[in-house]
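A.B. asks: below are the sequence and a predicted model for it; my questions follow.
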Amino acid sequence: MRNLSMRVLVLCTAIVLLCQCNTLEDDCRAVAQREAEIARETPGDYYVGRRYYLPYTRFWGYLRRPGESWRKAKLVIMDESIVHNPDRGYEPPVKGAIFGFDQNYEYLLSGSYTGEMAYDPSTDQILPVFRPTQFTVRDKKPGFLFVPSEKYAPDYVTIRPLLIPNPESCRQAMAE
């Protein structure tokens with residue numbers, strides 16, 4: 001019986017490792033394609049933002065400069081003193097709350113970092129503050145943010161730039 005259990009464990013481990021290789025290869029291909037698209041973006045004085053909504057958090061989502069990889073994106077808190085976030089409305093638990101309807105929308109933003117940092121008590125993070133002056137929806141269904149295999153979980157921060165495989169990992173996965 002012990003021998004059978006050991007075989008099952010070895011088989012399960014092998015399956016998990018094989019699945020991870022395929023996922024890593026798939027992620028690497030998709031990230032390379034996305035990075036090529038990003039490299040063709042028009043330079044300018046604007047930001048590309050991806051809304052990342054989690055209930056009860058104060059951050060808005062990720063921002064990066066045009067032409068920069070999502071690897072350099074920063075999770076930010078918005079200063080709404082000039083313009084409100086596009087989804088500004090009542091938040092849960094208020095009945096009929098509409099806050100966060102734009103989860104994963106991609107925006108083009110004008111504005112600037114204030115140089116200040118703000119604390120998000122729900123995630124225990126100190127994040128940069130961005131003061132937008134304009135939001136323009138770029139895409140309501142832009143697909144994955146960091147890698148295709150990322151899993152969105154509304155209970156805690158699961159999507160981070162660290163999910164993007166580094167180039168060396170991709171070279172090794174593609175060589176095997």
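C.D. replies: Thanks, I have the structure now. Numbering: from 1, shown residues only.

A.B. asks: can you name the residues in contact with the helix or strand containing residue 132?
C.D. replies: Using DSSP states H and E, residue 132 sits within strand 125-139. The contact list for strand 125-139 (CB atoms under 8 Å, 6 or more residues apart in numbering) reads 47-49, 59-60, 63, 74-83, 85-86, 105-120, 157. Any C-beta I mention is one placed from the backbone N, CA and C, and that applies to glycine too.

A.B. asks: which among those end up buried?
C.D. replies: Among the contacts of strand 125-139, those buried by neighbour count (16 or more other CB atoms under 10 Å) are 47-49, 59-60, 63, 75-79, 83, 85, 105-109, 111, 118, 120, 157.

A.B. asks: follow-up on the earlier one: and the strand holding residue 132, how far from the chain's centre?
C.D. replies: Its chain's C-alpha centre lies 14 Å from the corresponding centre of strand 125-139 when counted by CA atoms, centre = their mean, to the nearest Å.

A.B. asks: now do that strand, average pLDDT.
C.D. replies: Across strand 125-139, pLDDT averages out at 97.

A.B. asks: who's in contact with stretch 43-53?
C.D. replies: Against stretch 43-53 from outside (CB under 8 Å, 6+ apart): 41, 59-67, 70, 73, 75, 87, 99-100, 102-111, 130, 135, 138, 142, 145, 154, 159.

A.B. asks: using CSV, write down the CA coordinates of that stretch.
C.D. replies: Once non-C-alpha atoms are left out, stretch 43-53 reads as follows in CSV (Å, rounded to 0.1, in the frame of the first residue of the first chain):
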residue,chain,number,x,y,z
PRO,A,43,4.9,57.9,-26.8
GLY,A,44,3.5,60.8,-24.9
ASP,A,45,2.7,62.5,-21.6
TYR,A,46,0.0,60.1,-20.4
TYR,A,47,-0.3,56.9,-18.5
VAL,A,48,-1.8,53.5,-19.2
GLY,A,49,-3.9,52.2,-16.3
ARG,A,50,-5.6,49.0,-15.5
ARG,A,51,-8.3,49.0,-13.0
TYR,A,52,-7.8,46.4,-10.3
TYR,A,53,-10.8,46.4,-7.9
